[in-house]
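1. need coordinates for the below:
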Amino acid sequence: MPLFSTAHSVFSGLQPAAVWAHFATLCRFPRPSKHERALRDELLTWAHGRRLASEVDAAGNLIIRKAATAGWEQAPGVVLQAHLDMVCQKNGDSEHDFLRDPIIPGLDGGWLVAKKTTLGADNGIGVALILAVLDSADIAHGPIEALLTVDEEAGMGGARGLVPGVLQGRLMLNLDTEEWGEFYLGCAGGLDVNVERPSQPAAVPDGYQGWQIVLNGLRGGHSGVDINEERGNAIKLLVRVMRQLELVFPLCLAVLKGGTARNALPREAVASFALPTGMGDRLAAIVAELQVLLRSELQGIDDGLVLAVLPCAVSKVLATEEQAVWLSTLHAAPHGVRRMSRHVPGVVETSNNLGMVDLQPTGGSCNFMVRSLLDSASTALADEIVSLWALSGTAASKDGYYPGWAPNPGSALLKICQAVYKRDFGSDSTVQVIHAGLECGIIGAKYPGLDIVSFGPTIRGAHAPGERVEIASVASCWQLLTAILAELR
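-> Okay, here's the model as predicted:
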């Protein structure tokens, strides 16, 4: 039985019912990275009730084992893998609390969507598919190990903490990709650059008044999957606006904040500052001109950009030299695609996302997430960013390195997946390498020889409000997953 009834809910009538019932449970439990415990405990209790062997390892991952179907005991063991946490993003007008409130999905044609928040289909649908396999008494399969990791979205802490020797399976199906009909055989690795710079606040000059500029309306999105679309980065755009205003006004910056997740393209940013009294009309006119300019540059990519000017209270500002360091360096800092792959046509090789900034009169911090299909290239770009900040004596550290997942074109598991897909769906699948971080590379490094393939349903807008999953593709994933398991004898 599913974890709880979904009667009279948005999930009523959706097929396959078991998968959607389990996804409904995930929506009930807030699960930002590092806050997965309540959900994990619920699933652990459920597994015990189903008499499934289960454990929580030292890293916090949940591992559930299901014995082979009678007669399938000699089939190769299969690891089914997904992550429990989700990226938590919401619109500025949403009061949703990701530490307390459930996700509220709705139907939009053939899609399930959360309009003002992320939905958590990344990677909740993968988890739901796995739970439905564990729950079923009708699927033929060999020994199964479900590996449900934690902290994937904030640094892959669960996969990092997985120790060798825990998993016995020889094959692994990762269910964390977002384009139905594609099998993934490789992914980018990466690391973070974290910047910290303390400072002493300065007084607001006499005769100055406070103002605030809010930049919003951008699409945001996944910092790996969507980075090639050249969507607007709210932080970079607002820094550019502030630099333009510095050319006109004796501006004193107080606050600059933008972005809420390292692996999401920042959609909103805000700056507070002080100007000489009486400059409001001129400020509003210049900002209106800049809005027109930026909208024209982003036409067809990010048409919703809005710049709003509001009066505000400002009590302290940055010292002049600190303002210069932060605005100049953020303006010069890289963001976006560095290079396209020369080996995988149409796929980004190396990129960087300036994902979060929090600048106050007492100091500030920011985060850059660097990705690459080449481990050496991600390290090289991170070193460039560290060197840029070093010019001003600012501390910048590299952290959270994880390896890429190197493709194995000779994968026997891939050949089986492709054959099953063609047999059951009547067309050829495609094989891809993704410019996003999957846990496959980390897990594969701990378990040499593990044959890994990844697939999933069609998800749009992951890591941004309005995230949606195509309902029909979830049914197709379920059909494919169960057929692959039945083929692995």
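2. domain ranges for this protein?
-> The chain breaks down by automatic domain parsing into domains covering 17-188+404-487, 191-402.
3. was I right about Lys116 contacting Gly92?
-> No. Using Cβ atoms under 8 Å, Lys116 makes no contact with Gly92, being 9.5 Å away. C-betas here are computed from N, CA, C, even on glycine.
4. quick one: which of these two has more around it?
-> The residue with more neighbours, out of Lys116 and Gly92, is Lys116; 15 against 12, by other Cβ atoms under 10 Å.
5. let me see the contact set for that one.
-> 90-91, 93-94, 96, 465-466 (Cβ atoms under 8 Å, 6 or more residues apart in numbering).
6. could you give the mean pLDDT of stretch 86-99?
-> Here stretch 86-99 scores 92 as its mean pLDDT.
7. quick one: terminal-to-terminal distance for it?
-> 12 Å (Cα to Cα, to the nearest Å).
8. hang on, the earlier thing: quick check: which of the domains of the chain is nearest to Ser9?
-> Set against Ser9 and scored by Cβ to Cβ, those come closest in domain 17-188+404-487, at 6.5 Å.
9. any idea how many residues pack against Leu391?
-> Counted with other Cβ under 10 Å, residues neighbouring Leu391 total 11.
10. surely Ala70 is in a helix?
-> No. Applying DSSP: H, G, I helix; E, B strand; the rest coil, one finds Ala70 to be coil, outside a helix.
11. include distance to Val10 when you put the domains of the chain into CSV, please.
-> Shown next, in CSV, are these (distance: least, Cβ to Cβ, whole Å):
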stretch, distance to Val10
domain 17-188+404-487, 6
domain 191-402, 24
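12. so which of these is nearest Phe11?
-> Closest among the domains of the chain, using Cβ to Cβ: domain 17-188+404-487, at 4.5 Å.
13. distance from the chain centre to that closest one, please.
-> Its chain's average C-alpha position is 14 Å from that of domain 17-188+404-487, according to Cα atoms, centre = their mean, to the nearest Å.
14. do you know how far the closest residue to Val113 other than its chain neighbours is from Arg282?
-> Distance criterion Cβ to Cβ, 6 or more residues apart in numbering; nearest residue to Val113, sequence neighbours excluded, is Arg468 at 3.9 Å. Distance of Arg468 to Arg282, given as Cβ to Cβ, to the nearest Å: 43 Å.
15. of these two, who's got more company?
-> Comparing Arg468 with Arg282 by other Cβ under 10 Å, the one with more neighbours is Arg468, at 23 against 12.
16. the more buried one is in contact with Thr117, isn't it?
-> No. Arg468 is beyond contact range of Thr117, at 11.7 Å (criterion: Cβ under 8 Å).
17. surely Pro198 touches Gly363?
-> Yes. Between Pro198 and Gly363 there is a contact under Cβ under 8 Å: 3.8 Å.
18. between those two, who's got more neighbours?
-> For Pro198 and Gly363, the more surrounded residue by other Cβ under 10 Å is Gly363, and the numbers stand at 16 against 11.
19. just list whatever residues bridge to that one.
-> Pro198, Gln360 (DSSP bridges).
20. same question, the one 5 residues further on
-> Going by DSSP bridges, Phe368 is paired in beta bridges with Val193, Leu354.
21. and it, how far from Leu148?
-> Taking Cβ to Cβ, one finds Phe368 at 29 Å from Leu148.
22. then Ala445?
-> 20 Å.
23. got it, and Leu307?
-> Using Cβ to Cβ, one obtains 42 Å as the distance from Leu307 to Leu148.
24. low-confidence stretches in this structure?
-> 1-8 (pLDDT under 70).
25. how about the helices in it?
-> Along the chain, the stretches classed as helices by DSSP state H are 17-28, 37-49, 121-135, 157-161, 234-246, 280-297, 320-332, 375-390, 412-425, 440-446, 471-487.
26. circling back to that earlier point, so Ala445 and Leu148 - more neighbours on which side?
-> A direct count of neighbours by other Cβ under 10 Å for Ala445 and Leu148 places Leu148 higher, at 26 against 15.
27. tally up the residues packed near the closest residue in space to that one that isn't next to it in sequence, please.
-> Excluding the flanking residues, the one nearest Leu148 by Cβ to Cβ, 6+ apart is Leu62, at 4.4 Å. Look at Leu62: counted by other Cβ under 10 Å, it has 23 neighbours.
28. got a list of what Leu62 touches?
-> Contacts of Leu62 (Cβ under 8 Å, 6+ apart): 40, 43-44, 54-56, 84, 146, 148, 150.
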